[in-house]
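K.L.:
what's the 3D shape of this:
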Amino acid sequence: MSEDPRLTQEDETETGNASSDSDSPEEEARKRRSAVLGALRNVYLGALGAVALVEDEVERLARRMVEEGRATEQEGRRIISELKEKLKRNKTELKGELDKAKRQVTDRWDVVDRVSALEDEVDELKQQVEQLKGAGKSGKKAKKTSPSDSE
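P.N.:
Now for the predicted structure:
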């Protein structure tokens with residue numbers, strides 16, 4: 001079975017869970033995202049493997065039933081055909097559910113990223129306000145001590 005390229009990790013390198021003290025928050029987030037996408041990919045591939053095993057086992061069972069005379073060859077082919085159709089639908093449903101889970105996870109990341117960007121913007125604006133307050137106080141002190149004010 002071929003793997004779905006949409007479920008492959010953004011970064012194929014294994015990052016592991018250990019992080020160094022020098023990792024930036026963005027790098028930490030990238031590593032966590034990579035790990036989650038890797039886990040989703042592994043679930044998908046594991047499920048595909050399980051489906052393939054079930055398919056093989058049912059085919060063997062149907063052939064054995066035909067060989068033992070418990071089913072006609074036509075019945076065996078029908079059983080296999082019905083099974084393959086059901087498995088195909090199940091694979092499609094599984095793929096849809098995993099795609100949905102991936103979208104939900106990445107949508108949440110987008111929200112977290114936007115919130116983080118807004119927090120950074122608020123912090124920057126707070127710094128600017130403090131600088132303006134400091135500049136305003138310095139300007140008032142300078143006016144009080146200027147020579148033109150003492151006359």
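
K.L.:
so where is the chain shaky, pLDDT-wise?
P.N.:
1-21, 139-151 (pLDDT under 70).

K.L.:
try 50
P.N.:
Within the chain, the ranges that satisfy pLDDT under 50 run 1-19, 151.

K.L.:
Next, Leu53: secondary structure please.
P.N.:
Secondary structure for Leu53, judged by DSSP: H, G, I helix; E, B strand; the rest coil, is helix.

K.L.:
count of neighbours near it?
P.N.:
10 (other CB atoms under 10 Å). C-beta: built from backbone N, CA, C; applies to glycine.

K.L.:
Assign Arg32 to helix, strand or coil.
P.N.:
Classified using three-state DSSP, Arg32 is helix.

K.L.:
Can you report how many residues lie near it?
P.N.:
Neighbourhood size, Arg32 [other CB under 10 Å]: 14.

K.L.:
Ok, Ala29 next?
P.N.:
When neighbours are counted by other CB under 10 Å, Ala29 registers 15.

K.L.:
what's it in contact with, if anything?
P.N.:
Neighbouring residues of Ala29 by CB atoms under 8 Å, 6 or more residues apart in numbering: 109, 112.

K.L.:
Now with 10 Å, please.
P.N.:
Neighbouring residues of Ala29 by CB atoms under 10 Å, 6 or more residues apart in numbering: 23, 109, 112-113, 116.
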